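A.B. asks: Predicted coordinates and the sequence they were generated for:
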Amino acid sequence: MKDQVRSNWQQAVLVCRKCSKKLDGGFGPRGDERLAKALRRHLSIKKGRKAAAGIIEVDCLGVCPKGAVTVVNGAASRDWLLVRPDADLDMLASELGLPVGADR
């Protein structure tokens, strides 16, 4: 059995599932998607370990802001972001250091 499995990720971004669920969507072109899905779709990033970056929904991160989603960049875990539904996804991606259009 293998001890390790590789991924192609350059970045790993953690998105609070509980915050996303409380907002009931709020992201994407029509405002009906969760942040993780909207960000993946906006940047054309596939799911799974073969994608260029990992955008993962995790259990509650414990911050629980009103009207926002908590996001953690795995490479810069000291600074957590609170993302509101009206946030610009291009600006968010650049702040997180995500590759734009990596899997196209």
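C.D. replies: That came through, no problem. Predicted model, so just to flag it, every value in this text is computed and none were measured.
A.B. asks: residue ranges for the strands of the protein, please.
C.D. replies: For the chain, the strands defined by DSSP state E cover 12-16, 54-58, 69-73, 80-83.
A.B. asks: Show me what the first one is packed against.
C.D. replies: For strand 12-16, the contact count by 3 or more C-beta pairs under 8 Å, 6 or more residues apart in numbering; DSSP states H and E identifies helix 35-43, strand 54-58, strand 69-73 as packing neighbours. Quick note: C-beta positions are derived from backbone N, CA and C, even for glycine.
A.B. asks: measure Ala51 to Asn8 for me?
C.D. replies: Distance, Ala51 to Asn8, using C-beta to C-beta, to the nearest Å: 6 Å.
A.B. asks: what about this structure, any weak spots by pLDDT?
C.D. replies: 100-104 (pLDDT under 70).
A.B. asks: switch the cut-off to 90
C.D. replies: Across the chain, the ranges flagged by pLDDT under 90 are 1-2, 5-11, 23-26, 28-32, 45-53, 75-77, 86, 97-104.
A.B. asks: and Gly28, what does it touch?
C.D. replies: By C-beta atoms under 8 Å, 6 or more residues apart in numbering, the contact list for Gly28 reads 37-38, 41-42.
A.B. asks: switch to 7 Å and redo it
C.D. replies: 38, 41 (C-beta atoms under 7 Å, 6 or more residues apart in numbering).
A.B. asks: Quick check: phi and psi on it?
C.D. replies: The phi/psi pair for Gly28 (degrees, to the nearest 10) reads phi 90, psi 180.
A.B. asks: Can you tell me how far Leu81 is from Cys16?
C.D. replies: Going from Leu81 to Cys16 by C-beta to C-beta gives 11 Å.
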